[in-house]
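Participant: model this:
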Amino acid sequence: MLKSCEDISATRKRLTIEIPVDMIEAEIQKKLIEAQAKTRMPGFRPGKAPMTIIEKKYGKEIESEVVEKLLPENYVAAVKEAGIKTMSRPKLEQEIDFKRNEPIVLNLTVDVRPVIENFEYENVPVTELPVEVKEDEIDVIMKGIAAEKGTYEAVEEAAAAGDLVTVDFKTDAGVEKKDVVIKVGTGPFPKDFFDSFIGKKKGDDFTAEAAFAADSPSEFAGKTVKFELSMKEVKRQNIPALDDELAKDMGVESLDALRTQVKADVTAMRKGENDRKKQIEIMETLLAKYSFEAPEELMKNELARLISDAKTMGTKTGTDEELEKEFRAEAEKNARIACILDIVGEKEGVTVSEEEMKQEIYGFAMRYNVSPENIIKYYTSKDGSIEGLRNAIFDRKTMKVLLEKAKKEKE
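Facilitator: Numbering: from 1, shown residues only. You can find the predicted model right below:
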């Protein structure tokens, strides 16, 4: 039961919780009786071994099980009694010293959701942007669809931009490679290098000199390299005609139907982009309008995530101290956003069902061509559970509610 709830700051509480002796002993006795019923011991009928023996054999294990069961149950009950909304995992201020026939007293700290006075989130003004898809944009996409269906075939003609060529080469630095496939005009090579291929046919030997930028992803980054090359093959893409046959090959009845589908897809994508812009606009308005402190642990966790992601993706370099300084403002902003979404989601009754969780997991699995189990493992290794995924769905649904309740104003 909750003994006290002390304010440490606007977003942190210290809770003192006492688990009474009678509750502890009732659980222990229940577990001992269950153990006795399952025990088979020589000299005694099944389930009739003396309790003194059962307690001696299983007592410590059962005590540990009871403590593990009662701690979270009493914590949840205490939080409810205190009338607070937690935003982080609780931290115990001391080790649990369990002794039989004595209550368990817990002193712990936890981040709580800040109270935002006079908070209103309905009718937030947002700019309604028009969704326009031009026909020439669809023309480009249709040509791209045809190109994706195209196959490359060997030709005896001279190489041109977009062709696939196979070459052997060696450089003045001693690098030598065989059967290198290059798409002329595409890849980590500079224009001077690609220009040397134009007009060359199968069997031609030629040279090239190219200066690679320092940030080039090529192994020759930051160097000027001389190449000796031998053209072994030239392949050119054979792009199918934009006709009903191409559409049928893609599972659509006609070219007009394919074009209509492409336009609908692009329109939906543009609408989604506009919705995201409006959601950002809403959140920026709410952040500017209401001043409140971000929970410390929530901000620390967000800061750690930002730094970890930056290191993993290689987008930032520097010491942890430098990265903490760089990302601190963003982490604080994200923590404040999390508080707003939590408040709105709670007021609007936003929930995440197990079916929604399954759909999200299977959606990720199909998108990244991995098993659902690997998606679960990823979130478990990242956050310790799949609650991070549940929170992402909750936030997305809550942002949708905010947009639905916003006041749309034309540009």
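
Participant: mind listing the strands for the stretch 101-250 of the chain?
Facilitator: Assigned by DSSP state E, counting those that start in this stretch, the stretch 101-250 of the chain shows strands spanning 104-111, 125-128, 151-154, 164-171, 176-183, 205-211, 224-238.

Participant: What's the mean pLDDT across the fourth one?
Facilitator: Which is strand 164-171. For strand 164-171, mean pLDDT rounds to 95.

Participant: For Cys356, give me its contacts.
Facilitator: For residue 356 the amino acid is Glu, not Cys. When contacts are counted by Cβ atoms under 8 Å, 6 or more residues apart in numbering, Glu356 touches Ile393. (C-beta placed from N, C-alpha, C; glycine too.)

Participant: Just to check, Ala146 is in contact with Asp243?
Facilitator: No. Using Cβ atoms under 8 Å, Ala146 makes no contact with Asp243, being 9.3 Å away.

Participant: neighbour-wise, which of those two wins?
Facilitator: Neighbour count, other Cβ atoms under 10 Å: between Ala146 and Asp243, Ala146 has more, with 15 against 12.

Participant: now that one: how far from Gly174?
Facilitator: In this view, Ala146 and Gly174 are 43 Å apart by Cβ to Cβ, to the nearest Å.

Participant: Return the helix or strand in this structure with minimum mean pLDDT.
Facilitator: helix 372-383 (a mean of 79; mean pLDDT, DSSP states H and E).

Participant: hmm, back to that, so for Ser291, which of the strands of the stretch 101-250 of the chain sits nearest?
Facilitator: For the strands of the stretch 101-250 of the chain, proximity to Ser291 was assessed by Cβ to Cβ; strand 104-111 is nearest, at 18.1 Å.

Participant: residues near Glu135, how many?
Facilitator: Per other Cβ under 10 Å, the neighbour tally for Glu135 reads 8.

Participant: So what pairs up with Ala210 in the strands?
Facilitator: Beta-bridge pairing for Ala210 (DSSP bridges): Val225.

Participant: Could you report the distance from it to Phe189?
Facilitator: The value you get for Ala210 to Phe189, if Cβ to Cβ is used, is 7 Å.

Participant: do the same with Val262
Facilitator: 33 Å.

Participant: who has more neighbours, those two?
Facilitator: For Val262 and Phe189, the more surrounded residue by other Cβ under 10 Å is Phe189, and the numbers stand at 22 against 18.

Participant: Which residues are in contact with the more buried one?
Facilitator: Ile182, Ala210, Phe212, Ser218.

Participant: Pull the most distant pair out of those.
Facilitator: The span of these, defined through Cβ to Cβ, is set by Ile182 and Phe212 at 14.5 Å.

Participant: Buried residues in stretch 220-234, which are they?
Facilitator: Judged by neighbour count (16 or more other Cβ atoms under 10 Å), stretch 220-234 contains these buried residues: Phe220, Lys223, Val225, Phe227, Leu229, Ser230, Met231, Lys232, Glu233, Val234.

Participant: If you could redo that for stretch 320-329, that was the one I meant.
Facilitator: Buried residues in stretch 320-329, counted by 16+ other Cβ under 10 Å: Leu323, Glu324, Phe327.

Participant: Pretty sure Leu32 is one of the things Ile54 touches, is it not?
Facilitator: Yes. At 5.7 Å, Ile54 counts as touching Leu32 under the criterion of Cβ under 8 Å.

Participant: Which one's more surrounded, the two?
Facilitator: Ile54 (21 against 16).

Participant: where does the more buried one land in three-state SS?
Facilitator: helix (DSSP: H, G, I helix; E, B strand; the rest coil).

Participant: Contacts only, for it.
Facilitator: By Cβ under 8 Å, 6+ apart, the contact set of Ile54 is Leu32, Ala35, Gln36, Thr39.

Participant: Determine how far the helix or strand harbouring the second one lies from the middle of the whole chain.
Facilitator: Under the criterion DSSP states H and E, the helix or strand holding Ala35 is helix 21-38. In terms of Cα atoms, centre = their mean, to the nearest Å, the centre of helix 21-38 is set 43 Å apart from its chain centre.

Participant: What of stretch 329-345?
Facilitator: Worked out by Cα atoms, centre = their mean, stretch 329-345 lies 17 Å from the chain centre.

Participant: List the buried residues of it.
Facilitator: Buried-residue list, stretch 329-345, by 16+ other Cβ under 10 Å: 331-345.

Participant: List just the nearest of the residues you listed to Pro20.
Facilitator: Of all the buried residues of stretch 329-345, Pro20 sits closest to Asp342, with 32.2 Å by Cβ to Cβ.

Participant: So Arg14 lies in a strand, does it not?
Facilitator: Yes. Assessed by three-state DSSP, Arg14 belongs to a strand.

Participant: Might one say that it is in contact with Leu108?
Facilitator: Yes. Arg14 lies in contact with Leu108 (Cβ under 8 Å); the separation is 7.3 Å.

Participant: Between these two, point out the one with more neighbours.
Facilitator: Leu108 (18 against 15).

Participant: who touches that one in this structure?
Facilitator: By Cβ under 8 Å, 6+ apart, the residues touching Leu108 are Arg14, Leu15, Ile17, Tyr75, Pro90, Lys91, Leu92, Glu93.

Participant: In helices only, show me these.
Facilitator: Using DSSP state H, the subset of the contacts of Leu108 located in helices is Tyr75.

Participant: Quick one, which of the contacts of Leu108 are buried?
Facilitator: With neighbours counted by 16+ other Cβ under 10 Å, the contacts of Leu108 contain buried members at Leu15, Ile17, Tyr75, Pro90.
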